[in-house]
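J.: Quick check, what structure comes out for this input:
(one chain, ligands or ions: 1)
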Amino acid sequence: MPRIAVVGGGIAGLSAATRISRARPDAEVVLLEASPRVGGKLLRAEVGGAWVDVGAEAMLARRPEGVAAAVEAGLESELIQPLTTAALLRNRGRNARLPVRTLIGVPADLDAVRAAGVLSAETLERIEAEPAGGPYPPLTDDVSVGDLVSERFGAEVVDRLVDPLLGGVYAGRADAISLDAAIPGLAARLRTDGGSLLRAAAASLPPPAAAGSGSGGSGPASLPKPVFASVAGGLTRLPEQLAAGAIFSIRRSTAVRRIRRTPDGFELSLGAVPVTELLTADAVVLATPASKASMLLTDLAPVAGAELATVESASMAIVTLAFRGLPTSALPAGSGLLIPVVEGLRVKAMTFSSQKWPGVGAESGVFLMRASLGRIGEEWVLQRADDELVSIVRAELESITGLAATPVDTHVQRWGGGLPQYPPGHLARIERVRAAVAEVPGLAVCGATYDGVGIPACIASAHIAADRVLAALPPSGQWINGRR
Ligand SMILES: Cc1cc2nc3c(=O)[nH]c(=O)nc-3n(C[C@H](O)[C@H](O)[C@H](O)COP(=O)(O)OP(=O)(O)OC[C@H]3O[C@@H](n4cnc5c(N)ncnc54)[C@H](O)[C@@H]3O)c2cc1C
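T.: As a prediction, the model looks like this:
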């Protein structure tokens with residue numbers, strides 16, 4: 001029986017193992033996870049007696065992979081969508097409406113940006129005049145989103161709009177995030193045709209969505225699909241369910257320390273150094289963050305290992321507060337608030353979880369909100385004890401919303417190196433990694449480092465890796481006496 005080892009039990013590893021084991025029931029698929037639990041950046045905790053995600057909390061529903069994985073895992077009837085799409089943007093010490101119809105903050109509809117009231121008249125005029133300016137030759141190289149937007153519309157648009165939105169996804173700064181990676185449709189248009197950024201952004205907008213319609217992506221076909229989805233009880237139930245329904249074996253608390261090629265395939269060294277266990281495998285999927293993948297590729301594919309060693313990652317913390325007995329208007333309406341760096345606060349985003357998702361906190365009668373801290377290069381913000389982080393969040397929550405109530409419970413979740421960074425040139429770097437990995441038959445890589453940090457992108461990369469490994473396995477019948 002062929003054995004496939006999947007290293008890393010985050011959403012990518014679980015998705016790869018699920019796909020391989022479904023396609024090859026004759027194979028032994030073993031998922032090796034270093035920590036005592038699977039799920040990786042998907043984790044939920046009980047705060048104030050209610051379950052809430054303390055890592056990833058929403059998946060893009062416009063891409064099919066996340067919702068499809070939940071449906072296949074038997075969670076279709078438990079898919080939920082946000083109660084509201086309205087969100088706020090902190091702007092010059094006040095709360096403004098987050099502009100709609102932007103591409104991760106890049107203006108695509110001048111009227112919508114004007115209506116939000118976050119940009120100066122001078123900047124709005126500059127955006128309006130941009131289509132008639134130029135010439136704007138086609139882009140030849142990958143650029144940072146921040147540099148492009150700053151050049152066309154001015155720095156204010158980056159500081160006030162693009163940075164907070166992109167920062168929410170990557171915990172990075174707009175001037176160091178690749179246009180090709182972050183907004184590929186827009187990059188493709190500007191590469192082919194050049195021309196106005198405003199026009200290209202408008203042409204790249206997806207059709208308008210209406211949250212509140214459909215049901216978790218499975219509503220009537222005539223209704224637009226919601227942009228985001230989650231699962232009742234927390235998005236973390238997705239990896240939990242994938243693990244519960246697994247037709248592959250899962251070994252928790254089993255770190256892979258080294259992988260070596262052998263004449264028959266691979267040999268993995270597992271566990272603590274003095275009591276290392278060796279596991280042979282015919283194929284390996286590496287689904288760990290870049291730093292670990294880099295280390296594990298040192299012997300197998302040194303060029304890929306060296307490329308992955310250059311991937312930086314941002315650390316973050318999610319601070320969750322549970323309140324009891326809050327009046328309904330205690331917090332501003334909407335799903336939450338984004339805070340640009342230029343506002344000088346330490347919190348970068350707040351999610352009013354009990355206002356955003358149906359049922360969150362309801363079973364124990366608490367109101368849950370979470371705050372996110374930490375961007376690339378801002379590790380100092382996180383170098384504080386948990387209770388200090390809670391105090392910072394409470395103080396900034398009060399200054400923004402006036403809410404001074406004492407929470408009945410708090411939770412601090414740290415995510416050291418939680419989000420890989422996608423600077424200009426990242427996609428070319430990943431092509432080089434994949435080319436080097438492809439030279440080793442039966443080896444594949446997947447996860448947040450490769451094709452996007454969002455959950456659907458991680459699942460998509462897992463499917464690519466799984467298909468690559470499946471293609472390298474001989475057909476079922478060719479496995480005689482358990483060996484080739
Ligand atoms: C705070 C936070 C909030 C986020 N919010 C969202 C969101 O709302 N929506 C969204 O789409 N995305 C969000 N993301 C991004 C998304 O959650 C991640 O990109 C994604 O979950 C990563 O999945 P992964 O499987 O690639 O890696 P991980 O989840 O990091 O899993 C990798 C696994 O590999 C294991 N591992 C590492 N080394 C070894 C080893 N040597 N041997 C065995 N196992 C090993 C780790 O323990 C881990 O379990 C968020 C990320 C963070 C940090």
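J.: can you count the residues close to Leu345?
T.: When neighbours are defined as other Cβ atoms under 10 Å, Leu345 has 16 of them. Backbone N, C-alpha and C define where each C-beta goes, glycine included.
J.: ok, which residues in the stretch 51-200 of the chain are in contact with the ligand?
T.: Gly55, Ala56, Glu57, Ala58, Met59 (Cβ under 6 Å from any ligand atom).
J.: Can you flag the buried ones in the residues you listed?
T.: The neighbour count (16 or more other Cβ atoms under 10 Å) marks Gly55, Ala56, Glu57, Ala58, Met59 as buried among those.
J.: Export the host helix or strand of Arg468 to PDB, keeping only CA atoms.
T.: Here Arg468 sits within helix 455-472, counting by DSSP states H and E. Coordinates of each C-alpha in helix 455-472 appear next as PDB, following Å, rounded to 0.1, in the frame of the first residue of the first chain:
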ATOM      1  CA  ILE A 455      -8.600  30.000   3.500                       C
ATOM      2  CA  PRO A 456     -10.000  29.300   0.000                       C
ATOM      3  CA  ALA A 457      -6.500  30.000  -1.500                       C
ATOM      4  CA  CYS A 458      -4.900  27.700   1.000                       C
ATOM      5  CA  ILE A 459      -7.400  24.900   0.100                       C
ATOM      6  CA  ALA A 460      -6.700  25.600  -3.600                       C
ATOM      7  CA  SER A 461      -3.000  25.200  -3.100                       C
ATOM      8  CA  ALA A 462      -3.600  22.000  -1.200                       C
ATOM      9  CA  HIS A 463      -5.600  20.600  -4.100                       C
ATOM     10  CA  ILE A 464      -2.700  21.500  -6.500                       C
ATOM     11  CA  ALA A 465      -0.300  19.700  -4.200                       C
ATOM     12  CA  ALA A 466      -2.600  16.700  -3.700                       C
ATOM     13  CA  ASP A 467      -3.100  16.400  -7.500                       C
ATOM     14  CA  ARG A 468       0.700  16.600  -8.100                       C
ATOM     15  CA  VAL A 469       1.300  13.800  -5.600                       C
ATOM     16  CA  LEU A 470      -1.600  11.700  -7.000                       C
ATOM     17  CA  ALA A 471      -0.100  12.000 -10.500                       C
ATOM     18  CA  ALA A 472       3.200  10.700  -9.200                       C
END
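J.: if we can go back for a sec, what is the nearest of the residues of the stretch 51-200 of the chain next to the ligand to Thr254?
T.: Gly55 (21.2 Å; Cβ to Cβ).
J.: just checking, that closest one touches Trp415?
T.: Yes - using Cβ atoms under 8 Å, Gly55 is in contact with Trp415, at 6.7 Å.
J.: anything in contact with each of these two?
T.: Residues touching both Gly55 and Trp415 (Cβ atoms under 8 Å, 6 or more residues apart in numbering): Lys41, Ile318.
J.: Tell me the one among the buried ones among the residues of the stretch 51-200 of the chain next to the ligand nearest to the ligand.
T.: Proximity of these to the ligand (Cβ to the nearest ligand atom) peaks at Ala56, which lies at 3.2 Å.
J.: hmm, stretch 423-433 in reach of the ligand?
T.: No - no part of stretch 423-433 sits close enough to the ligand to count as contact by Cβ under 6 Å from any ligand atom; the gap is at least 13.2 Å.
J.: distance between that stretch and the chain's centre?
T.: 18 Å (Cα atoms, centre = their mean, to the nearest Å).
J.: wait, what's in contact with Leu32?
T.: Here Leu32 is in contact with Ala5, Val6, Val7, Gly8, Gly9, Arg251, Thr254, Ala255, Val256, Leu268, Leu270, Leu279 (criterion: Cβ under 8 Å, 6+ apart).
J.: mind checking pLDDT for the third one?
T.: Spelled out, that is Val7. Val7 is assigned a predicted lDDT (pLDDT) of 98.
J.: what's the neighbour count on the residue nearest to it when sequence neighbours are not counted?
T.: Distances taken as Cβ to Cβ, 6 or more residues apart in numbering place Val256 nearest to Val7, at 4.7 Å, with adjacent residues excluded. A count of nearby residues for Val256, using other Cβ under 10 Å, gives 24.
J.: Give me the phi and psi angles of Val256.
T.: Dihedral angles of Val256 (phi, psi; degrees, to the nearest 10) stand at phi -90, psi 120.
J.: mind listing what the nearest residue to Val162 once chain neighbours are set aside touches?
T.: Leaving aside its sequence neighbours, Val162 sits nearest to Gly105 (Cβ to Cβ, 6+ apart; 3.7 Å). Each residue near Gly105 by Cβ under 8 Å, 6+ apart is listed here: Val149, Val157, Leu161, Val162, Asp163, Pro164, Leu165, Leu166, Ala174.
J.: Quickly note the distance from Gly105 to the ligand.
T.: Remark: distance between Gly105 and the ligand (Cβ to the nearest ligand atom, to the nearest Å) = 17 Å.
J.: what residue ranges in this structure score low on pLDDT?
T.: The chain contains residues with pLDDT under 70 at 207-225, 273, 477-484.
J.: quick check: domain ranges of it?
T.: Domain ranges of the chain: 3-36+252-311+423-478, 44-63+72-85+312-420, 97-204, per automatic domain parsing.
J.: Now tabulate those domains in JSON lines and tack on distance to Phe228.
T.: Listed next are those as JSON lines, based on distance: least, Cβ to Cβ, whole Å:
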{"stretch": "domain 3-36+252-311+423-478", "distance to Phe228": "10"}
{"stretch": "domain 44-63+72-85+312-420", "distance to Phe228": "4"}
{"stretch": "domain 97-204", "distance to Phe228": "12"}
